[in-house]
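J.: this one's sequence-less:
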């Protein structure tokens with residue numbers, strides 16, 4: 001069964017490039033990692049981000065590899081804090097599947113920003129996209 005993540009338009013000017021770079025670097029540097037997405041857990045506030053990390057089939061992380069992941073995430077978090085002088089809170093999590101409810105995807109390792117010029121950017125709209133959900137009693 002294929003997993004689909006419904007993208008909602010974001011303003012790329014508000015999302016630091018380091019966040020997308022981090023999700024791509026985790027996939028490139030950690031051989032067990034298949035895909036990473038960054039979720040703004042309090043969107044539109046993008047300062048609290050969970051990095052959902054999906055491993056390749058039949059992969060397990062050693063303690064050493066988990067520490068490497070945590071070190072990468074912390075390095076990016078501290079660099080962003082230093083560069084922006086804002087508080088950032090990054091939390092890496094290993095997941096079996098991507099479950100998305102009201103959270104917002106702001107970075108995805110499958111959506112490489114800088115690889116092809118012809119591809120549209122992931123976040124191309126300034127206006128929020130709202131979904132109306134009927135209320136049931």
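T.: Received the coordinates, thanks. The structure displayed is predicted, hence computed values, not measured ones.
J.: how about the helices in this protein?
T.: 17-29, 63-84 (DSSP state H).
J.: what's the burial count for the residue nearest to residue 20 when sequence neighbours are not counted?
T.: Residue nearest to residue 20 in three dimensions, not counting chain neighbours: residue 107, with 4.6 Å by CB to CB, 6 or more residues apart in numbering. Glycine gets a C-beta too; all of them are placed from N, C-alpha and C. Neighbourhood size, residue 107 [other CB atoms under 10 Å]: 27.
J.: quickly list what residue 35 is bridged to.
T.: Taking DSSP bridges, one finds residue 54 as the beta-bridge partners of residue 35.
J.: got the contact list for it?
T.: 27, 53, 54, 108, 109, 110 (CB atoms under 8 Å, 6 or more residues apart in numbering).
J.: sorry, back to before: these two touch, right, the residue nearest to residue 20 and residue 27?
T.: No: in this structure, residue 107 is not within contact of residue 27 by CB atoms under 8 Å, at 11.4 Å.
J.: which neighbours do the two have in common?
T.: residue 36.
J.: hmm, back to that, and the contacts of residue 35, which are buried?
T.: Neighbour counting by 16 or more other CB atoms under 10 Å classes 27, 53, 54, 108, 109 among the contacts of residue 35 as buried.
J.: I'd say the last one and residue 23 touch.
T.: What it means is residue 109. Yes: the pair residue 109 / residue 23 is scored as a contact, 4.4 Å apart, by CB under 8 Å.
J.: find the residues that touch each one of those two.
T.: With CB under 8 Å, 6+ apart, residue 109 and residue 23 have common neighbours 36, 37.
J.: nearest to residue 47 among the contacts of residue 35?
T.: residue 108 (18.7 Å; CB to CB).
J.: sweet, I'm off.
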